[in-house]
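1. I would like the atomic coordinates for the input below:
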Amino acid sequence: MRAVDLHTHTNKSDGSFSPSALVELAAQKNLAAIAITDHDSVDGLDEAMAVSGKYAVEVIPGIEFSTCYGKQDVHMVGLFIDHHKESFTKELDSFIESRTGRNMAMCENLRAAGIDITYEKLIEAFPDSVLTRAHYARYLYDRGYVKSIPEAFDRYVGDRTKYFVPREKITPQASIRMILQGGGIPILAHPPLYHMSSERLDKLVADCKEAGLVGIEALYSSYNGADQRDMRRLATKYDLLLSGGSDFHGTNKPTLSLGNGYGKLFVPEEILDRQKEYLRNRNR
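-> Numbering: from 1, shown residues only. Have a look, this model is predicted:
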């Protein structure tokens, strides 16, 4: 059985590979399918889907939302998004526009620190991208203000720096509603990374299930055996589909490989088959 990777990023958000190059890489690794799940963006989907036949790799249209659960950062992946559906794209555009003010404010803060940066220069450096802090870090590194990407986060763009400006976030429930509106499957991404207590994580999953959550990432690059067992237990308890992926970002996460993560990840194609079966039954 071939592997799939249902959580990847391109240079349309904070990855380094173009959408078509990512599909080509997937073919080189003999993956049956990949889902492109850029942060708050569907801009790379058409390019990737256009070359999927050439490389014999199925491309699942997706997205990843950053949400806020209380004060906790929680990510929601949407798979099988109808990314041309007008009601979905309008709401997504509105969400993206709300980030522009935050980006301008962060640029002003960095300028006050003596860094030659403006919002326009950032856009010029990373055209056609939904800007994230990884782009700021890369900008600072490329221009010699820091010696590494981690240093950029430590000194300038991390949560605890004086230059950071938090951006508007939506709730997990609101992201689930958007994904469902786009015809997709909402998947709670990498829950162990939130370092919640078992009780709080259970409450998060219960709240999301009530809002329409369909799946949970039970396979992920950094999981250990206990993490996988815990995610499968939650999936069984709340009748959720399994999903999994590497969270590949290319050279922005240089030790993380497409398809097999840090070397031990394997997401079997049958997981994707079950998701497709769910969609067929839902759409009858």
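
2. Quick one: the helices in the protein, in order.
-> Along the chain, the stretches classed as helices by DSSP state H are 19-28, 45-55, 86-112, 119-125, 133-142, 149-152, 172-181, 198-211, 225-237, 269-282.

3. What residues of the longest one count as buried?
-> This means helix 86-112. Residues of helix 86-112 classed as buried by neighbour count (16 or more other CB atoms under 10 Å): 88, 91, 92, 95, 99, 103, 105, 106, 107, 109, 110. Heads up, the C-betas are built off the backbone N, CA and C, glycines and all.

4. Which other helices and strands does that helix contact?
-> Applying 3 or more CB pairs under 8 Å, 6 or more residues apart in numbering; DSSP states H and E, one finds that helix 86-112 contacts helix 119-125, helix 172-181.

5. which residue is nearest the centroid of the chain?
-> The residue lying closest to the centre of the chain (CA atoms, centre = their mean) is residue 64, at 3.7 Å.

6. what separates the closest residue to that residue other than its chain neighbours from residue 236, distance-wise?
-> Of all residues not flanking residue 64 in the chain, residue 37 sits nearest, at 4.4 Å (CB to CB, 6 or more residues apart in numbering). Distance, residue 37 to residue 236, using CB to CB, to the nearest Å: 24 Å.

7. Please identify which of these two sits among more neighbours.
-> residue 37 (32 against 10; other CB atoms under 10 Å).

8. just checking, the more buried one touches residue 8?
-> Yes - using CB atoms under 8 Å, residue 37 is in contact with residue 8, at 6.3 Å.

9. what sits against the residue lying closest to residue 263 once chain neighbours are set aside?
-> Leaving aside its sequence neighbours, residue 263 sits nearest to residue 257 (CB to CB, 6+ apart; 7.3 Å). The contact partners of residue 257, taken as CB atoms under 8 Å, 6 or more residues apart in numbering, are 246, 248, 263.

10. Look up how far residue 21 lies from residue 257.
-> Using CB to CB, residue 257 is found at 15 Å from residue 21.

11. go on, residue 44?
-> Residue 44 sits 10 Å away from residue 21, going by CB to CB.

12. So these two - more neighbours on which side?
-> residue 44 (26 against 17).

13. who's in contact with the residue nearest to residue 250 when sequence neighbours are not counted?
-> Using CB to CB, 6+ apart and skipping the chain neighbours, the partner closest in space to residue 250 is residue 16 (3.2 Å). Counting by CB under 8 Å, 6+ apart, residue 16 touches 249, 250, 251, 252.

14. circling back to that earlier point, and which of the buried residues of helix 86-112 is nearest residue 274?
-> Distance to residue 274, by CB to CB, is smallest for residue 88 among these, at 23.8 Å.

15. re earlier: is it possible to get CSV of the contacts of residue 257 that adds pLDDT?
-> Shown next, in CSV, are the contacts of residue 257 (pLDDT from 0 to 100):
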residue, pLDDT
246, 98
248, 98
263, 95
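
16. Now the buried members of those.
-> Buried members of these, scored by 16+ other CB under 10 Å, are 246, 248.

17. Identify the bridge partners of the residue nearest to the centre of the chain.
-> Taking DSSP bridges as the rule, residue 64 bridges to residue 39, residue 77.

18. tell me the contacts of it?
-> Contact analysis of residue 64 by CB under 8 Å, 6+ apart lists 7, 9, 13, 37, 38, 39, 40, 75, 76, 77, 78, 189.

19. avg pLDDT for stretch 61-78?
-> Mean pLDDT, computed over stretch 61-78, is 93.

20. and the end-to-end length of it?
-> Using CA to CA, to the nearest Å, one end of stretch 61-78 lies 8 Å from the other.
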